[in-house]
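**Q** give me a 3D structure for the following:
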Amino acid sequence: MANITAAMVAQLREMTGMGMMECKKALVETDGDLKKAEELIRVKSGAKASKVAGRTAAEGVVVVATSADGKKGVVAEINCETDFVAKDEGFLDFANKVAAALLATPVASLEEAANVKMAEGKTIEETRKDIIAKLGENISLRRFQAFSTEGSLASYLHGKKIGVVVDLVGGDTELGKDIAMHIAANKPICVSKDNVPAEKIEEERNIYSQQAAQSGKPADIVTKMVEGRISKYLAEVTLLGQPFVKNPDLTVEKLLAAKNAKVNSFAMFVVGEGIEKKVVDFAAEVAAAAKV
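**A** Residues are numbered from 1 along each chain as shown. Below you'll find the predicted structure:
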């Protein structure tokens, strides 16, 4: 059996980023062959990633990366299982490097993103598996959106849980930041009423019609009531229709007009949005374990 030295363990740890005990174990299994030990660790880290793949990852961070000229940008959501790991420096470093890689290599889908090379030379997927092996949680690139504009991009991060990128034409840096902050606070679903899906409007109209019909008022009055509710709804869910968060007497549409500016599009990611979280009753688990 080869003599496994501290220097060999340190070298393998530098090569793989894994813990000392895992590196020593891999060297013992491969009789001190560094290359084989590195391969073994990568195989095991891949297996570990497969084991945790089905576990719910609803925590994590939203990260934003923009080019120096403000013309290109990416917003991405990177998930993990617990808030504890979401604060881990290694996890945060991975998340930021994913955004930087997607900014440097534009792709259109998560499948393509998995094969994007990161700064260290490994792909996003390879690096994801490595960090899963280190942290022991399911970690994933859940979604991302890339931007390219002739105007300028503004962004805002509320902590690490909400991220916004705005494609703005005209205006200035302050206006861009204000609009991004407004979106994070008021959460519009799209820029204008023209962008609201027709099926969504019909769904709301159907609900309002049923509610108004119960009032017993004449049909023409009911119609006016419904259309009034629809107008109110469109103002509430669209960026242009909302009162500006810093000055509620002014709509965002009027603010932009006053600044001779226009919002082409925006993206807002909220960590875990739409993911059904598993509720764990720890008291029940402890009680059940005590009966065993």
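**Q** let me know the pLDDT of Gly216.
**A** For Gly216, the model assigns a pLDDT of 78.
**Q** the strands in this structure, which residues?
**A** Secondary structure of the chain (DSSP state E): strands located at 59-66, 72-80, 140-148, 152-158, 162-169, 243-244, 247-251, 262-270.
**Q** hey, where'd the helices end up in the stretch 51-200 of the chain?
**A** With DSSP state H, counting those that start in this stretch as the criterion, the stretch 51-200 of the chain has helices at 83-86, 89-104, 110-113, 124-135, 173-186, 198-213.
**Q** can you list the strands of the chain in JSON lines and add distance to Thr123 and mean neighbour count?
**A** C-betas here are computed from N, CA, C, even on glycine. Shown next, in JSON lines, are these (distance: least, CB to CB, whole Å; neighbours: other CB atoms under 10 Å):
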{"stretch": "strand 59-66", "distance to Thr123": "17", "mean neighbour count": "23"}
{"stretch": "strand 72-80", "distance to Thr123": "15", "mean neighbour count": "24"}
{"stretch": "strand 140-148", "distance to Thr123": "11", "mean neighbour count": "18"}
{"stretch": "strand 152-158", "distance to Thr123": "26", "mean neighbour count": "21"}
{"stretch": "strand 162-169", "distance to Thr123": "23", "mean neighbour count": "24"}
{"stretch": "strand 243-244", "distance to Thr123": "43", "mean neighbour count": "18"}
{"stretch": "strand 247-251", "distance to Thr123": "45", "mean neighbour count": "11"}
{"stretch": "strand 262-270", "distance to Thr123": "22", "mean neighbour count": "19"}
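**Q** next, format these as TSV and append mean pLDDT and distance to Glu236.
**A** Converted to TSV, the strands of the chain look like this (pLDDT from 0 to 100; distance: least, CB to CB, whole Å):
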stretch	mean pLDDT	distance to Glu236
strand 59-66	96	24
strand 72-80	97	24
strand 140-148	96	23
strand 152-158	96	20
strand 162-169	97	18
strand 243-244	97	10
strand 247-251	96	12
strand 262-270	97	16
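**Q** nearest approach to Glu202 belongs to which of these?
**A** Nearest to Glu202, of all the strands of the chain, is strand 262-270, at 23.7 Å by CB to CB.
**Q** residue ranges in the stretch 151-292 of the chain under the pLDDT threshold?
**A** Flagging of the stretch 151-292 of the chain using pLDDT under 70 yields the residue ranges 277-292.
**Q** domain-wise, how is this protein divided?
**A** The chain breaks down into these domains under automatic domain parsing: 6-52, 55-148, 193-257.
**Q** now do the longest one: distance from first to last residue.
**A** Which is domain 55-148. Start and end residues of domain 55-148 are separated by 34 Å (CA to CA, to the nearest Å).
**Q** quick one on the thing from earlier: deepest of the helices of the stretch 51-200 of the chain, which one?
**A** helix 124-135 (a mean of 21; mean count of other CB atoms under 10 Å).
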